[in-house]
Each structure stands twice: as structure tokens, then as C-alpha cells.
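quick one: sequence and predicted model below, then my questions.
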Amino acid sequence: MEGRQINSSRSLPDAKSSVPEDSSVLEIWGGHSLQGQVTINGAKNSALVIMAGALLCSGDCRIRNVPLLADVKRMMQVISALGVDLKLNGNVLDINARDFSTSKAPYELVTQLRASFFAIGAILARLGVAQMPLPGGCAIGARPVDLHVRGLQAMGAEVQIEHGICNAHIPGNRRRLQGAKIYLDSPSVGATETLMMAATLAEGETIIENAAREPEVVDLANFCNAMGAKISGAGTSKIVIDGVAELHSLDYTIIPDRIEAGTFLVAGAITRSELILSPVVPEHLIPVTAKLQEMGISVVEEMANSLRILPVDKFQATNIETSPHPGFPTDMQAPFMSLLALAEGESIIKENVFENRLRHASELNRLGADIRVKGNTALIHGVNTLSGAPVLGTDLRATAALVIAALAAEGKSTIQGLSHLDRGYELIDEKLNKLGAKVKRLNLTGTEPEFTASVNGNSKTSA
Ligand SMILES: CC(=O)N[C@H]1[C@@H](OP(=O)(O)OP(=O)(O)OC[C@H]2O[C@@H](n3ccc(=O)[nH]c3=O)[C@H](O)[C@@H]2O)O[C@H](CO)[C@@H](O)[C@@H]1O
Ligand SMILES: C=C(OP(=O)(O)O)C(=O)O
């Protein structure tokens, strides 16, 4: 592998963190139905944590199907700042952490995304010491890291949070963390992943009870096992990890992004369109496809790895409660709110995972929706039409929800908050245009970019 470098044949989006800094907006002319095939990228939440997992290995890690996202770029910068070699070529990322020796992650980068913090488990396991600033990510609640900290302490680490930095080290002469029995108060995805990574190189057996069961947790476990780790039970609420002394090189392909796929299913449903999505793992999408079926929207399995959504004129209201996997995913809550805004009847959404994840409701109301929010509950009175307006996305999925609503709204909408959107969707505007949507990305600071689509080698220019 070559020296430390970050390069790619396709460029990664800019890693901007806050709305006022956004220099671009999306203009969307709604009311066009979509048609065609959508290619689903690798899962953001797998890619980010698997990149952290590569720090556990002293050999070459080749990671395939890496989505080209702002968060991936930031995570690469975090890993590079730790003194680790990495090279991106298309969607293939090579990481070699053989000579990795820096335990301090940079504040400016870690504070821009959530998953960077999860690397604390891998850094501590490899180096015996880690200094990790508290993370950023979507502003959807307080998002503490107490479960991560308590789990690492149970494994023998001394951990203190001071001045916004989480300092952890293995005390005394010991070089490895110790296996432990850990019960998570709630099945946190990130805490499960942090502790699973830490435990792969610990001495003895670690048991994580009430573990998260998300597909991305299973993907990380499969990745670690492919490097020689001994993890069993991932995907259930009890994960058992037999620590090993060292891990070896591997070549691994990330699972498709179920949230990107779900977002395109909702975009298809709201525009009464027929779309084929691939590659997907249909089983990962059951909570989403079951809700669509309940609303009267058919989604059929084409082949083992693709789904077809069929157009319907009308769809019915329904109720949604978010919960950890295999419940309805919180990351799909905002996109579904857009769909329910146009459903027949009254719907209720209850957000149970994050305490402040309904901020998109007021922006959807600007587009003509009729949504009232009380605490963590949104009451949605379905309306017949939405109408285009300027709106502001406040987090990743909230911005995706506004894009979806704008696709169905009459007239033009202008969407701000693209720094959020670009954290989680590779080329979303180009993908939508290829399906027949009218989406234009405007650079507010300079000239307007060409209205082009260049997904899967196709390229077109339209007005
Ligand atoms: C990068 C990544 O993978 N992000 C995903 C991950 O976030 P993340 O891993 O941050 O989400 P968690 O599952 O940890 O959070 C779930 C709940 O647990 C709470 N909590 C979490 C950790 C902790 O130490 N203490 C604590 O109280 C959180 O505040 C939240 O209310 O899972 C979320 C839930 O599916 C998804 O929305 C995010 O897209
Ligand atoms: C909440 C999300 O991401 P993060 O945890 O990275 O903020 C998300 O992907 O919807």
C-alpha cells in the first residue's frame, strides 16, 4: 500500500458542518413522477464504523462499496490524523494501521460527526490510551456517551471526560483490556459497536447484554470476524466476544444502505412512481416496507437483492412509533412524515429514540402540510396537495424529508441545509434527476452549476 493519502477518482462532497455555512441550495420543481432504476450505495453507518474497526488491524484492510459522503471524508481525515495510511479509489478504501501510534483524535473533525467517537474502542484496544473529543452528528437530542464510557470502564479502562475530551487509558502494567459482562441500559447502536471493537482485542470473554441488533452492528461483527475476531450473536441482544491477540488483513464489502433505500421508496410512493432499487437486502427493509404495505403501497421483491415499488393514486394514513431494530427506524421517521402529510386521514408519529427529532414538522407545514407537534408526538392531518416554498433542513433526515415533500409539491421549492444532506446521500440530486425529477443544485456564492445527471455513466443536460 502507498503512503498516507486521500484521493479518489470521484470527489467527495465538502465537509461543512452547519447550516449558515451552506453555500448551496436545491431547487426542486415538484409534481413530476419518477421512473427507473436506482443504485443504492453502501451503508453510511456501516462504512463509518468499519473504518474505525480497521484501526484494530495491523495488516491491510480493503473496504469495498464505501459511499462517497461528507461523513466518509471526515472519517478519513480523522483516521489520517491518527497517523494511519489510507487511500480511496472509487468506492474502494484501503486502510493500513500497522504503524498507528497517535491516540489523540482532532477536535475539529470529531465534532463534525457521530461515528468518529466510536473509534475510541479500537484506539484504546490497540494503543492502551485514547483521547477522543465528544462527538457531533445530527442535532436530534443530547446524545450522551455514558454507555460507551461505562462499558469501557467495565473492561478495566480508566475513563474521564474533561474539557469536552474523553480521556481513556488502561491502567498499570496491563497492555490489554479485560473481558467483562456488560449490560446496556438501552440498546445503543454506537455503544454496542464501541464495546464490540474494544472487546475483540481484550483478554478473555466479553458479553454485551441488551445489545443493539441493527444490520450495521452485524456488518461490523462480520468485518471483525473476517479479520480473525471471535464474535458471536451479533444481530441478537446478546453478543459474545472472545478476545484475540491480533487481527489480520482482509477484503470486505459493506452492506447496502437501508436508509437510503427507504428514502427512495418513500420518494417513489409520494410521487406515485414505479421504481426499482438495487442492491438492497429486503430483510433489512421489512419495518419500512411493512408500513408502506399498511398504507396501501405495494413493494415487491424482484430478485434476492432488489425491490420494486408500484404506483398508487391514494394511500392511507397510519401510525408510526420509532424503536430500535427490528422496530421502525428513527432514521426513516422524517421521510415518512412527508408521505403521511399527503395520506388520506389522520396519522400519529411517536419518536421514541431521540428527544428532539421532529423539527422538520414546522418546515413541512411551510409546504402546506398540517402537522402539530406535542412533545415527542406529531399529529398529521393528511392534505390533498403541498405547495412549493423555501425551507430549511435542520438535520440529515429532516433535509431528506423536505426533498421528498418538494418532489410532490406544486411549483418550486428551495431547500437549504445541504451540508446535512451530503453527510448521508451520495449524489442524491443526480440520482433523482436520472429518474425524471427536476432538481437543480445552486451555488449561492458563485455561478450556477450545470443541470446534469451523471449517475452510472449516463449523462444528460436539461432545463
Ligand atoms: C453513526 C450512526 O451509526 N448513527 C446511528 C446510530 O446513532 P447512535 O449510535 O448515536 O444512536 P444510539 O443507538 O446510541 O442512541 C439511541 C438512544 O440512546 C441514547 N444513548 C446513546 C448512547 C449513550 O451512551 N447513552 C444514551 O443515552 C441516545 O441519546 C439515544 O436517545 O443509531 C441511531 C439509532 O438507530 C441512528 O439514528 C443513527 O443514524
Ligand atoms: C442520525 C444520523 O446520523 P448520525 O448518527 O451520524 O448523526 C442519521 O444517519 O440519520
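Happy to help now that I have it. Ligands and ions are numbered 1, 2, ... in the order given.

let me see the contact set for the residue nearest to Ala198 when sequence neighbours are not counted.
The shortest distance from Ala198 to any non-neighbouring residue, by C-beta to C-beta, 6 or more residues apart in numbering, is to Gly121 (3.6 Å). Yep, even glycine has a C-beta here, placed from its N, CA and C like the rest. For Gly121, the contacting residues are 52, 148, 152, 193-198, by C-beta atoms under 8 Å, 6 or more residues apart in numbering.

from ligand 1, how far out is Gly121?
Noted for Gly121: a distance of 12 Å to ligand 1, by C-beta to the nearest ligand atom, to the nearest Å.

what's the distance between that residue and Leu86?
19 Å (C-beta to C-beta, to the nearest Å).

what do you get for Ser188?
27 Å.

buried stuff in stretch 304-323?
Neighbour-count burial for stretch 304-323, with 16 or more other C-beta atoms under 10 Å as criterion, is recorded at 306-309, 311, 315, 317-318, 320, 322-323.

which residues of this structure lie near ligand 2?
Proximity of the chain to ligand 2, by C-beta under 6 Å from any ligand atom, involves residues 113-115, 137-138, 331, 396-397, 424.

identify the farthest-apart pair in those residues.
Among those, the pair separated by the greatest distance (C-beta to C-beta) is Ala115 and Arg397, at 15.5 Å.

between all of the buried residues of stretch 304-323, which two are separated the most?
Spatially, the most separated pair among the buried residues of stretch 304-323 is Pro311 and Ser323, at 29.7 Å (C-beta to C-beta).

contacting residues for Arg359?
394-395, 398 are the contacts of Arg359 under C-beta under 8 Å, 6+ apart.

on that earlier part again, and the residue nearest to Ala198, what element?
helix 119-127 (DSSP states H and E).

with just CA atoms, put that helix into CSV.
The C-alpha coordinates for helix 119-127 follow below in CSV (Å, rounded to 0.1, in the frame of the first residue of the first chain):
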residue,chain,number,x,y,z
ALA,A,119,-13.3,4.7,17.3
ILE,A,120,-12.4,5.2,20.9
GLY,A,121,-12.9,1.5,21.5
ALA,A,122,-10.5,0.5,18.7
ILE,A,123,-7.8,3.1,19.6
LEU,A,124,-7.9,2.1,23.3
ALA,A,125,-7.7,-1.6,22.4
ARG,A,126,-4.7,-1.1,20.0
LEU,A,127,-2.7,1.6,21.9
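
and the contacts of the very next helix or strand once past that helix?
Once the chain leaves helix 119-127, the next helix or strand it forms, by DSSP H and E, is strand 129-133. If you take C-beta under 8 Å, 6+ apart as the criterion, strand 129-133 is touched by 103-107, 110-111, 116-117, 119-120, 123-124, 164-170.

and stretch 146-158, by the same measure?
117-118, 120-121, 124, 159, 161, 166, 168-171, 174, 177-182, 184-186, 188, 190-191, 194-195, 198-199, 202, 206, 208.

stretch 235-246 too?
58, 176-177, 179, 187, 192, 196, 199-211, 213, 215, 217-218, 221, 228-233.

go again with 6 Å.
Contact partners of stretch 235-246, identified using C-beta atoms under 6 Å, 6 or more residues apart in numbering, comprise 179, 199, 202-211, 213, 218, 230-233.

out of the residues you listed, list just those in strands.
205-209, 230-232 (DSSP state E).

nearest spatial neighbour of Asp251, skipping sequence neighbours?
Arg62 (4.4 Å).

pretty sure Ala269 contacts Gly296?
No. With contact defined as C-beta atoms under 6 Å, Ala269 does not reach Gly296; the gap is 9.7 Å.

so between the two, which is more surrounded?
Ala269 (29 against 15; other C-beta atoms under 10 Å).

that one and ligand 2, how far apart?
19 Å.

kindly report the same for Pro326.
17 Å.

try Asp99
Counting by C-beta to the nearest ligand atom, the gap from Asp99 to ligand 2 is 29 Å.

is it correct that Ala226 is in contact with His248?
No. Contact criterion C-beta under 6 Å: Ala226 and His248 do not qualify, at 9.2 Å.

flag every buried residue along stretch 273-286.
So, applying 16+ other C-beta under 10 Å, buried residues of stretch 273-286: 273, 275-282, 284-285.

run through who's touching the helix or strand harbouring Cys166.
Using DSSP H and E, Cys166 falls within strand 165-169. With contacts defined as C-beta under 6 Å, 6+ apart, strand 165-169 is touched by 124, 129-133, 152, 157-160.

for the residue lying closest to Ala398 once chain neighbours are set aside, give me its contacts.
In space, and not counting its chain neighbours, Ala398 is closest to His360: 3.8 Å by C-beta to C-beta, 6+ apart. Taking C-beta under 6 Å, 6+ apart, we find His360 in contact with 334, 398, 401.

cool, thanks, talk later.
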